[in-house]
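> 3D, please:
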Amino acid sequence: MTASPGPTPSAISASKSASLPEATPILKSTLEVVSHLRFEMVNGRTQNELLGFIYVVDRLAYLVAKGAVLRVQINDGNFKEGGTRH
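Now for the predicted structure:
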């Protein structure tokens, strides 16, 4: 009796490529999901940074406007302690 030499390289290659088409759609959908999640993370961070910048600009505009109103009230003598008008 002679021993079998085992599978040939072409048989091994054929068995690997036979299972590849099943894995390809799964791999493709996984890559799409990972890509989408990465985009969402970057996009979300960008939106938060933009909202933070808008908040700072808005607060600075408010501060400047309140300063102008306060300056007019003080110049007109229309301001008393406690911030109320009389």
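
> just the helices in the chain please.
9-76 (DSSP state H).

> So, low pLDDT: which residues of it?
For the chain, the stretches with pLDDT under 70 are 1-23, 79-86.

> mind running it again at 90?
By pLDDT under 90, the weakly predicted segments of the chain are 1-53, 64, 67-86.

> Output stretch 46-66 in PDB, but only the C-alpha positions, please.
Taking Å, rounded to 0.1, in the frame of the first residue of the first chain, the C-alpha atoms of stretch 46-66 are listed here in PDB:
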ATOM      1  CA  THR A  46     -16.900  68.500  12.600                       C
ATOM      2  CA  GLN A  47     -20.500  69.500  13.300                       C
ATOM      3  CA  ASN A  48     -19.800  69.800  17.100                       C
ATOM      4  CA  GLU A  49     -16.700  72.000  16.400                       C
ATOM      5  CA  LEU A  50     -18.800  74.200  14.100                       C
ATOM      6  CA  LEU A  51     -21.500  74.500  16.700                       C
ATOM      7  CA  GLY A  52     -18.900  75.400  19.300                       C
ATOM      8  CA  PHE A  53     -17.500  78.100  17.100                       C
ATOM      9  CA  ILE A  54     -20.900  79.500  16.300                       C
ATOM     10  CA  TYR A  55     -21.600  79.600  20.100                       C
ATOM     11  CA  VAL A  56     -18.400  81.600  20.800                       C
ATOM     12  CA  VAL A  57     -19.200  84.000  18.000                       C
ATOM     13  CA  ASP A  58     -22.800  84.400  19.200                       C
ATOM     14  CA  ARG A  59     -21.600  85.000  22.800                       C
ATOM     15  CA  LEU A  60     -19.000  87.600  21.700                       C
ATOM     16  CA  ALA A  61     -21.700  89.500  19.700                       C
ATOM     17  CA  TYR A  62     -24.000  89.400  22.700                       C
ATOM     18  CA  LEU A  63     -21.200  90.800  24.900                       C
ATOM     19  CA  VAL A  64     -20.400  93.600  22.500                       C
ATOM     20  CA  ALA A  65     -24.100  94.500  22.200                       C
ATOM     21  CA  LYS A  66     -24.600  94.500  25.900                       C
END
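
> Please consider this matter closed, and thank you.
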